[in-house]
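**Student:** any chance you can model this:
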Amino acid sequence: MSRLGLLFHPQVALLTKVFFVMALTGYAITFWLPILVEEIVGLSPFQVGLLSAIPWISAVIAMDTVSHFTGGGPDRRPYLAIALVLSALGTFLATLGSPWFGLAAVTPAAVGGKCAATLFWPMAQSGLDLKIAAPGLAVVNSVGNLGGFVSPTLFGYLKDTTGTTNGGLYTLSAASLLAVIGVALIRRSGGGGVGGGRQVRSGPPGDQVRTRMAAGGCGTRDTS
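**Tutor:** Numbering: from 1, shown residues only. From the prediction side, this is the model:
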């Protein structure tokens with residue numbers, strides 16, 4: 001398959017779009033969270049930094065919990081969809097109420113975004129055909145990460161244009177909901193994917209290579 005053909009492969013393109021939205025939301029929250037927290041009157045820069053850490057500490061705890069809860073599941077799509085809906089709900093609620101309420105709402109948005117990343121990559125490598133898995137994942141990662149460039153730029157433009165961060169948060173909410181539709185269209189991992197119908201674990205690289213070799217029917221050669 002040519003490079004251009006790989007870029008427009010249906011599953012690769014779909015995974016890229018979903019990951020683009022995830023990067024869009026994640027980077028926007030990362031860069032603009034301190035600005036949102038600064039709207040709380042009377043905080044010092046040190047206090048702004050401490051409060052800005054709350055969503056990410058919560059996200060780390062949630063990621064560990066989700067990885068244990070979904071590790072043995074055959075289909076991660078429902079969990080990924082829930083994580084994206086949680087992210088969309090959090091960014092939307094952040095536009096309502098006081099800045100303190102906004103900080104509380106951004107926390108589930110950060111949790112949803114980070115948990116989505118935990119669920120996405122095992123699902124992505126399981127859903128692609130073995131022969132295009134390596135270059136396909138490279139395309140997904142490379143093109144999808146452009147969301148990290150688009151997001152802060154778009155968020156800043158909307159803030160400068162409207163004078164508030166609400167426009168950017170609404171955009172993130174809508175994008176996450178659109179990504180949920182994309183998740184529903186992603187092929188469920190099965191016999192044609194990297195996992196070959198077996199559980200794909202997020203373990204050390206050596207374990208993943210051995211798993212892929214087993215899935216592709218690659219045996220070890222006797223060199224004795």
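
**Student:** tell me which residues of stretch 166-182 are tucked away?
**Tutor:** Buried residues in stretch 166-182, counted by 16 or more other CB atoms under 10 Å: 166-173, 175-177, 179-180, 182. C-betas here are computed from N, CA, C, even on glycine.

**Student:** and the residues you listed, which is closest to residue 47?
**Tutor:** residue 169 (22.4 Å; CB to CB).

**Student:** so the closest one: helix, strand or coil?
**Tutor:** With DSSP: H, G, I helix; E, B strand; the rest coil as the basis, residue 169 sits in helix.

**Student:** and the pLDDT at it?
**Tutor:** For residue 169, the model assigns a pLDDT of 87.

**Student:** and for the one 5 residues further on?
**Tutor:** As predicted, residue 174 sits at a pLDDT of 93.

**Student:** not counting sequence-adjacent ones, nearest residue to it?
**Tutor:** residue 88 (7.7 Å; CB to CB, 6 or more residues apart in numbering).

**Student:** distance of the one you found from residue 68?
**Tutor:** 25 Å (CB to CB, to the nearest Å).

**Student:** look at these two and report which has more neighbours.
**Tutor:** residue 88 (24 against 9; other CB atoms under 10 Å).

**Student:** isn't that one up against residue 176?
**Tutor:** Yes. Assessed by CB atoms under 8 Å, residue 88 is found in contact with residue 176 at 3.7 Å.

**Student:** what do those two both touch?
**Tutor:** residue 112 (CB atoms under 8 Å, 6 or more residues apart in numbering).

**Student:** re the thing from before, any chance of the buried residues of stretch 166-182 in TSV, with distance to residue 102 too?
**Tutor:** Below are the buried residues of stretch 166-182 laid out as TSV (distance: CB to CB, whole Å):
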residue	distance to residue 102
166	10
167	14
168	12
169	9
170	13
171	16
172	13
173	13
175	19
176	17
177	20
179	22
180	23
182	27
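
**Student:** nothing else from me, thank you.
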